[in-house]
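Engineer: need a structure here:
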Amino acid sequence: MKRIAGSLLIAIAGGIIALGAYSLISKKEVKYSNYSTQNTPAYLAGMPGTSGPMVLPDFTVAANNTIHAVVHIKTEYERKSSVYDYFFDFREFFGERGPQGAPAPLEASGSGVIISTDGYIVTNNHVVTESNKIEVTLNDKRTYTASIVGTDPSTDLAVIKIDAKDLPYILYGNSDNLQIGEWVLAVGNPFNLTSTVTAGIVSAKARNINILGSPDGSTIESFIQTDAAVNRGNSGGALVNTRGELVGINAAIASGTGFYAGYSFAIPVNIVRKVASDIIEFGTIQRGFLGVSIRELDSKLADEEGISDIRGVFVADISEGGAAQVAGIKPGDIIVNIEGIAVNSTSELLELIGQHRPGDKVNLAVKRGNKDMDFTVTLKNREGNVSLVKREDVDIQSVLGASLTPVPEKILSDLELDYGVQVSVLRDGKLRNAGVRQGFIITGVDGKPVKNIDDLTSTLANKKGGVLVEGIYPNRTRAYYGFGM
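Structural biologist: Predicted coordinates for the structure are as follows:
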């Protein structure tokens, strides 16, 4: 009994102690962490009201302001299957003839952008070049026959004209201000579907995709890259910003199939504006040149030249008497800025210089070693002066399929010549077909001396029939070539 009584007393004492302790604890304030009051709330995905609305630009105003100024272009080309077509038409025997016995023409289509109320339209050179007939259809279904005002293969641009008044047109924007990531619209006529608008963003700028290639480096490839859907028929159409301003002319797509595959490319409007203005005002392009050979500045070149700061464009060489040399620029200089705009690629440099004419003064910021220097360069034409190019000279060069330049003084001295005109670049045309090779120096045509391009132009102007060209190559090989005009 004593053992039971002891256990009972211990149990009672333990209960009393427990009650006292609970009483003391209950009087104190106990705090718990409240995670619901933290600054970053957690929500279930997809629940309404859990996030703010996604703000997208309104494309309706830009679309409505531009679709009426973008036209559909249909072109016809002479069908030529082989060289034999020029001498003997086998199709006479197989019935492959068009109306009045002519070969049935080939047809192609593209787009164009009205840039003035009186009917000037800018498009791609590849849309209209060598066409026999150009038909323009406006968005309101009116149709006109257009004529070519001028073309520029070096930028793949052309200007055509229709006889109309009070037309809607698109205002020029500024492609230098265009930002990567900015929304843009592509307006055109893919697959012969009129007034098609697609949206995307600017993916990159100053892209060189090597589709215009020229042996003399005269082409300007500095495309705006976008992911707006562009397809066949969009060539020559408008690339506009959300304000409806023209920022580019659609020209190409990146695709192995010929259909849109993710990226498209447009010619910057600052180049378009300058080329269109030249063609309308002068009938041909007034191209200003720095007179430098340039290279992309990368880590390999920087290591070779001991350059620590990989920014800008490297001047590999300069032309004797060229604009850059006259201004004081030297080989090894690095051009980092043109007219206040930073340049970091050859494409960017060509785009900015391509906006100017011979005689224009351009401010360049240059890094020479550890020194920062500024130069004012007066651009020159390809012949080394500031004169504007005459249209008839360009027309003759187009017919001949060549770029013609004065013969350098050193070559004249080495060959003991007093005059001549050199074939600096050779393309498809009469000279190449006759067998002429690049570098040939023309000294006479039909027995008349050719001292300069003016002499060649006047001799070949309105020429009909055979032409005999005589001259010499820099290796002293004399040659004679004949062709028909």
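Engineer: quick one: strands adjacent to whatever helix or strand residue 470 lives in?
Structural biologist: Assigning secondary structure by DSSP states H and E places residue 470 in strand 466-472. Here strand 466-472 is paired, per DSSP bridges, with strand 441-445 (antiparallel), strand 478-484 (antiparallel).
Engineer: can I get the ones you listed in TSV with distance to residue 335, mean pLDDT and mean neighbour count?
Structural biologist: Backbone N, C-alpha and C define where each C-beta goes, glycine included. Shown next, in TSV, are these (distance: least, CB to CB, whole Å; pLDDT from 0 to 100; neighbours: other CB atoms under 10 Å):
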stretch	distance to residue 335	mean pLDDT	mean neighbour count
strand 441-445	33	92	21
strand 478-484	40	87	13
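Engineer: And the nearest residue in space to residue 345 that is not next to it in sequence, what's its pLDDT?
Structural biologist: Spatial nearest neighbour of residue 345, chain neighbours left out: residue 206 (5.5 Å); criterion: CB to CB, 6 or more residues apart in numbering. Looking at residue 206, its pLDDT reads 87.
Engineer: Tell me how far residue 206 lies from residue 260.
Structural biologist: 22 Å (CB to CB, to the nearest Å).
Engineer: Could I get the full set of helices for the stretch 51-200 of the chain?
Structural biologist: 60-66, 125-128 (DSSP state H, counting those that start in this stretch).
Engineer: For the shortest one, the averaged confidence score.
Structural biologist: Averaging the model's pLDDT scores along helix 125-128 yields 90.
Engineer: After the helix or strand hosting residue 280, which helix or strand is next?
Structural biologist: Using DSSP H and E, residue 280 sits in helix 269-282. Using DSSP H and E, the next helix or strand after helix 269-282 towards the C-terminus is strand 292-296.
Engineer: other SSEs contacting that next one?
Structural biologist: strand 313-318, helix 346-353 (3 or more CB pairs under 8 Å, 6 or more residues apart in numbering; DSSP states H and E).
Engineer: tell me the most buried of the ones you listed?
Structural biologist: helix 346-353 (a mean of 22; mean count of other CB atoms under 10 Å).
Engineer: which helices and strands does that one pack with?
Structural biologist: Using 3+ CB pairs under 8 Å, 6+ apart: helix 346-353 touches strand 196-207, strand 292-296, strand 313-318, strand 334-338.
Engineer: How many residues are close by the closest residue to residue 150 other than its chain neighbours?
Structural biologist: Distances taken as CB to CB, 6+ apart place residue 279 nearest to residue 150, at 3.5 Å, with adjacent residues excluded. For residue 279, the neighbour count with other CB atoms under 10 Å is 24.
Engineer: do residue 275 as well
Structural biologist: 29.
Engineer: Kindly report the same for residue 226.
Structural biologist: 27.
Engineer: Please name the residues that touch it.
Structural biologist: The contact partners of residue 226, taken as CB atoms under 8 Å, 6 or more residues apart in numbering, are 184, 186, 200-203, 239, 263-266.
Engineer: which of the helices of the stretch 51-200 of the chain is buried the deepest?
Structural biologist: Of the helices of the stretch 51-200 of the chain, helix 125-128 is the most buried (mean count of other CB under 10 Å), at a mean of 23.
Engineer: counting contacts, what elements does the helix holding residue 280 pack onto?
Structural biologist: Going by 3+ CB pairs under 8 Å, 6+ apart, helix 269-282 lies up against strand 120-123, strand 143-152, strand 157-161, strand 246-254.
Engineer: hang on, residue 74 packs against residue 112?
Structural biologist: No - using CB atoms under 8 Å, residue 74 is not in contact with residue 112; the gap is 10.8 Å.
Engineer: what sits against residue 447?
Structural biologist: Residues near residue 447 by CB under 8 Å, 6+ apart: residue 468.
Engineer: Just the pLDDT for the nearest residue to residue 308 once chain neighbours are set aside.
Structural biologist: With sequence-adjacent residues excluded and distances taken as CB to CB, 6+ apart, residue 308 is closest to residue 302, at 7.3 Å. On pLDDT, residue 302 comes in at 89.
Engineer: ok, now the one 10 residues further on?
Structural biologist: The predicted local distance difference test score for residue 312 is 93.
Engineer: Tell me how many other residues crowd residue 141.
Structural biologist: For residue 141, using other CB under 10 Å, the count is 8.
Engineer: What values do phi and psi take at it?
Structural biologist: With angles defined as degrees, to the nearest 10, residue 141 sits at phi 80, psi 10.
Engineer: i'd like the first residue to be 588 from this point on
Structural biologist: With the count now opening at 588, the last piece we talked about shows up as residue 728.
Engineer: can I assume residue 961 is in contact with residue 953?
Structural biologist: Yes - between residue 961 and residue 953 there is a contact under CB under 8 Å: 7.3 Å.
Engineer: between those two, who's got more neighbours?
Structural biologist: For residue 961 versus residue 953, the count of surrounding residues by other CB under 10 Å is larger for residue 953: 22 against 9.
Engineer: quick one: low-confidence ranges for the stretch 738-887 of the chain?
Structural biologist: 798-805, 843 (pLDDT under 70).
Engineer: Ok, the stretch 888-1037 of the chain next?
Structural biologist: Using pLDDT under 70, the stretch 888-1037 of the chain drops low at 977-982.
Engineer: Strands of that one, residue ranges please.
Structural biologist: Assignment of strands within the stretch 888-1037 of the chain using DSSP state E, counting those that start in this stretch yields the ranges 900-905, 921-925, 928-929, 948-955, 958-965, 989-993, 1008-1013, 1028-1032, 1035-1036.
Engineer: Could you list the residues in contact with the fourth one?
Structural biologist: Around strand 948-955, the neighbours that count as contacts under CB under 8 Å, 6+ apart are 875, 896, 899, 914, 916-917, 919-927, 940, 943, 959-966.
Engineer: Please indicate which of those are buried?
Structural biologist: Burial by neighbour count, judged by 16 or more other CB atoms under 10 Å, picks out 875, 899, 914, 916, 920-925, 940, 943, 962, 964, 966 from the contacts of strand 948-955.
Engineer: which one of these sits closest to residue 729?
Structural biologist: residue 943 (37.2 Å; CB to CB).
Engineer: So what does the closest one look like in phi/psi?
Structural biologist: phi -120, psi 160.
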